[in-house]
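Asker: Sequence unavailable; structure follows:
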């Protein structure tokens, strides 16, 4: 029998889970770097940005990988959203959870909503900062006696704008919700949960998800109010 | 269970309930809700007895009775299938519609009754749905290879107790379809995984283990059920309280089967 693993619902969910967990790994690294923004002078953050940029080809390779993971994740998510529509075309007049062990809630029921917001956000975010003002616009700083981009200045200037801060904060709340269900869901999808660890994974996944969302949202707020 | 406090609301005295019931002539006709008021409902009636009372009342009034599915009325056959007030099988956990009693509802309460909603379960009439996709998933691989000839001694194949227990838990599935009904994606993962786990835990199921999971998953997709997003509402809706741990097991079985896949023999077995 020929099995179409990639097009089966289980196969698609494996792709969602693996790319999702890789993206969570990226978020952990990203947030670790972002915590350097708590240093008001910004020298540490600029040095970190300069170090990353100095990886050159390796950085490009990592970026291509990230775009690929993200693309697969988003593409599969959209495909599955259409499948959901096909599988349940008529909705109930009334629905309510039977509670108990159900994970039914804001996070689990709105993965497509939070995911779509994140998709749009990430495109804008990359344009906003990665391809934002740099050396050409005079955002220069000395790092290890070399001229480097003053990314810290750009970040601070942007997060002094109320609208930007509010938008980033709102999206990071959505990220928290997305990860609250997503991390647990990836483990369950990969079959890594068993009777004895399922509740623990649900708990730890939730804590990590909320920590990442909350961690990211503290930075624009910190800059807006305290820098 | 959780609603015991509510049960004190209604005494032995008969009550009146307002019913908002989905009426649909057949699969092709568009359906709609009809409102009925029903008197003389006893708190100790089962939900289906209340439906019988409604139908007697409707028949007397010259209205076509509401078609609904039921058989054993003791929670073992999996035939009844009402989506009551937004919940598969109504407010009681670990119970089928036939095991829900009217004491769960308050005097004068409006009860919304809908059929299971899933593209794979077309509505035949009113609350009656076609669950034959489940039969086809079972036919695709939900069986064991059996030796012909005189039957073996009952205990000739030993099964470790934990495996036997797990197989029993999975085998408790009565195929009612509440998991599909409760799932926002109409996924049949809980049903399919229960059957796969049941047979995967037993030695008798091993020869066909990999082929079984590949075929059953393929059939599940073919029937138009959705994907599983691990919301787990199915395990709360399940009258037999089957756990989504079995869905995780199905994924392990599936992955292993995909990795180990061997070409299937074309010539057929020698019998």
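Answerer: Looks like it arrived, so ask away. Treat the numbers as computed from the prediction; the structure is a model and nothing was measured.
Asker: make it CA atoms for all contacts and neighbour counts henceforth
Answerer: Will do.
Asker: what does the model give residue 202 for pLDDT?
Answerer: Using chain A here. Residue-level confidence at residue A:202 comes out at 96, pLDDT.
Asker: my question was about chain B
Answerer: Looking at residue B:202, its pLDDT reads 94.
Asker: Residue A:5 now?
Answerer: Listed pLDDT for residue A:5 reads 89.
Asker: any idea whether residue B:146 is helix, strand or coil?
Answerer: Reducing the assignment at residue B:146 to three states with DSSP: H, G, I helix; E, B strand; the rest coil gives coil.
Asker: Excluding chain neighbours, give the residue nearest to it in space.
Answerer: Leaving aside its sequence neighbours, residue B:146 sits nearest to residue B:204 (Cα to Cα, 6 or more residues apart in numbering or on different chains; 7.8 Å).
Asker: Tell me where the chain has strands.
Answerer: Went with chain A since none was named. A:140-143, A:146-149 (DSSP state E).
Asker: The intended chain is chain B.
Answerer: In chain B, the strands defined using DSSP E lie at B:15-23, B:32-41, B:83-84, B:87-88, B:110-114, B:123-125, B:128-129.
Asker: Check whatever residue of the stretch 51-200 of chain B ends up closest to chain A and give its pLDDT.
Answerer: Here the stretch 51-200 of chain B gets closest to chain A at one residue, residue B:86, 3.6 Å apart by Cα to the nearest Cα. Turning to residue B:86, the model gives it a pLDDT of 97.
Asker: Please verify my assumption that it contacts residue A:91.
Answerer: No. If you go by Cα atoms under 8 Å, residue B:86 and residue A:91 don't touch, sitting 10.6 Å apart.
Asker: More neighbours: which of those two?
Answerer: Neighbours were counted for residue B:86 and for residue A:91 using other Cα atoms under 10 Å in any protein chain shown; residue B:86 has more, 21 against 12.
Asker: So for that one, what's the nearest residue that isn't a sequence neighbour?
Answerer: Spatial nearest neighbour of residue B:86, chain neighbours left out: residue A:95 (3.6 Å); criterion: Cα to Cα, 6+ apart.
Asker: Same check on residue B:79?
Answerer: Counting by Cα to Cα, 6+ apart, the residue nearest residue B:79 is residue B:70, at 5.1 Å.
Asker: Spit out the contact partners of the one you found.
Answerer: B:48, B:79, B:80, B:81, B:98 (Cα atoms under 8 Å, 6 or more residues apart in numbering or on different chains).
Asker: Neighbours of residue 82, how many?
Answerer: All of this is about chain A. By the criterion of other Cα under 10 Å, residue A:82 has 12 neighbours.
Asker: my bad, chain B
Answerer: Neighbour tally, residue B:82, other Cα under 10 Å: 29.
Asker: Might you report the residue contacts of it?
Answerer: B:68, B:88, B:89, B:90, B:97, B:113, B:114, B:115, B:116, B:127.
Asker: What are the neighbouring residues in contact with the residue nearest to residue B:146?
Answerer: Residue B:204 is in contact with B:144, B:145, B:146, counting by Cα under 8 Å, 6+ apart.
Asker: what bits of chain A have low per-residue confidence?
Answerer: A:1-2 (pLDDT under 70).
Asker: From residue A:78, how far out is the closest residue to chain B within it?
Answerer: In chain A, the residue that lies nearest chain B is residue A:95 (3.6 Å; Cα to the nearest Cα). Applying Cα to Cα, to the nearest Å, the value for residue A:95 to residue A:78 is 24 Å.
Asker: thinking again about what came up before, list buried members of the contacts of residue B:82 by neighbour count.
Answerer: B:68, B:88, B:89, B:90, B:97, B:113, B:114, B:115, B:116, B:127 (16 or more other Cα atoms under 10 Å in any protein chain shown).
Asker: Near chain A, list only the ones from these.
Answerer: Among these, proximity to chain A is found for residue B:114 (Cα under 8 Å from any Cα of the partner chain).
Asker: quick check, nearest of the buried ones among the contacts of residue B:82 to residue A:204?
Answerer: For those, the residue nearest residue A:204 by Cα to Cα is residue B:88; the value is 29.9 Å.
Asker: Contact partners for the residue nearest the centre of chain B?
Answerer: Residue closest to the average C-alpha location in chain B (Cα atoms, centre = their mean): residue B:176, at 2.1 Å. Taking Cα under 8 Å, 6+ apart as the contact definition, residue B:176 lies against B:77, B:78, B:79, B:80, B:81.
Asker: which of the residues in the helix ranked longest in chain A are buried?
Answerer: In chain A, with assignment by DSSP state H, the single longest helix is helix A:57-87. Going by neighbour count (16+ other Cα under 10 Å), the buried part of helix A:57-87 is A:66, A:69-70, A:72-74, A:76-77, A:80-81, A:83-87.
Asker: State the distance from residue A:200 to residue B:209.
Answerer: For residue A:200 relative to residue B:209 (Cα to Cα), the value is 29 Å.
Asker: now residue A:52
Answerer: Distance, residue A:52 to residue B:209, by Cα to Cα: 49 Å.
Asker: okay, these two: which has more neighbours?
Answerer: Set side by side, residue A:52 and residue B:209 show more neighbours around residue B:209, with 25 against 12, by other Cα under 10 Å.
Asker: Am I right that the more buried one is in contact with residue B:200?
Answerer: Yes. Applying Cα under 8 Å, one finds residue B:209 in contact with residue B:200, separated by 6.0 Å.
Asker: Touching both of the two, which residues are there?
Answerer: With the criterion set as Cα under 8 Å, 6+ apart, the contacts of residue B:209 and residue B:200 do not overlap.
Asker: Would you check that residue B:221 makes contact with residue A:8?
Answerer: Yes. Counting by Cα under 8 Å, residue B:221 sits close enough to residue A:8 to count as a contact (6.8 Å).
Asker: out of these two, which sits in the busier spot?
Answerer: residue B:221 (20 against 17).
Asker: Look up how far residue B:260 lies from the more buried one.
Answerer: Using Cα to Cα, we find residue B:221 at a distance of 21 Å from residue B:260.
Asker: How about residue B:57?
Answerer: According to Cα to Cα, residue B:57 stands 60 Å off from residue B:260.
Asker: Of the two, give the one with the bigger neighbour count.
Answerer: Ranked by neighbour count (other Cα under 10 Å), residue B:57 and residue B:260 place residue B:57 first, with 17 against 10.
Asker: just the contacts of residue B:70: which has the poorest pLDDT?
Answerer: Lowest pLDDT within those is found at residue B:81 (94).
Asker: check contacts around it.
Answerer: B:68-70, B:88-89, B:96-97, B:115-116, B:127-128, B:176-178.
Asker: got it, and residue A:149?
Answerer: Counted by Cα under 8 Å, 6+ apart, residue A:149 has contacts A:46, A:50, A:134, A:135, A:139, A:140, A:141.
Asker: Residue A:152 is in contact with the fifth one, correct?
Answerer: No. If you go by Cα under 8 Å, residue A:139 and residue A:152 don't touch, sitting 9.2 Å apart.
Asker: and the two? which has more neighbours close in?
Answerer: residue A:152 (23 against 16).
Asker: doesn't residue A:48 make contact with the more buried one?
Answerer: No. At 10.4 Å, residue A:152 and residue A:48 do not qualify as touching, with contact defined as Cα under 8 Å.
Asker: What average pLDDT does stretch B:234-247 get?
Answerer: Average pLDDT, stretch B:234-247: 97.
Asker: If anything else comes up later, I'll come back, but that's it for now.
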